[in-house]
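**Student:** no sequence on this one, just coordinates:
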């Protein structure tokens, strides 16, 4: 009797995990589909897929299950189901074909000083006499 209860609980947990993971996946796909659009000439899109590859370019065409994506190296077809994230950035954020994120420390000195003064004070030479 105890063995049957533990199997029943295990079966319930496995089925619960399967059903909840399917729901999360479908929600993420709806979010991705809502972000799909053809950008204007001042923006670039960065598409990350579930296999962790990152492509920088623009969506050229949106089909039912795929997108046509133009990158620097050519035109590729990406299945919508394999897209993990779409990020749209201004074209000025791309330098030499690479994405440069904004400086997170741009306003840091408004809140706290740096250690540059301390580094200048460490230029003294110390000698020990015995």
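**Tutor:** Sure, I can see it. Values in this document were obtained by computation on a predicted structure and should not be read as measured data. Residues are numbered from 1 along each chain as shown.
**Student:** was I right about residue 60 contacting residue 70?
**Tutor:** Yes: with contact defined as Cβ atoms under 8 Å, residue 60 reaches residue 70; the gap is 5.0 Å. In this view, the C-beta of every residue, glycine as well, is placed from N, C-alpha and C.
**Student:** who's more crowded, these two?
**Tutor:** Comparing residue 60 with residue 70 by other Cβ atoms under 10 Å, the one with more neighbours is residue 70, at 15 against 11.
**Student:** Just to check, that one is in contact with residue 58?
**Tutor:** Yes: using Cβ under 8 Å, residue 70 is in contact with residue 58, at 5.5 Å.
**Student:** helices or strands next to the helix or strand containing residue 69 in the packing?
**Tutor:** Element membership of residue 69 [criterion: DSSP states H and E] is strand 66-71. Applying 3 or more Cβ pairs under 8 Å, 6 or more residues apart in numbering; DSSP states H and E, one finds that strand 66-71 makes contact with strand 54-62, strand 74-79.
**Student:** go again using 10 Å as the cut-off
**Tutor:** strand 43-49, strand 54-62, strand 74-79, strand 83-90 (3 or more Cβ pairs under 10 Å, 6 or more residues apart in numbering; DSSP states H and E).
**Student:** residues in contact with the first one?
**Tutor:** Applying Cβ atoms under 10 Å, 6 or more residues apart in numbering, the external contacts of strand 43-49 come out as 32, 35-39, 53-59, 67, 69-71, 76, 78-79, 81-94, 99.
**Student:** Show me what counts as buried in the strand holding residue 69.
**Tutor:** Buried positions in strand 66-71, judged by neighbour count with 16 or more other Cβ atoms under 10 Å: 67, 69, 71.
**Student:** And for stretch 53-68?
**Tutor:** 55, 56, 57, 58, 59, 67.
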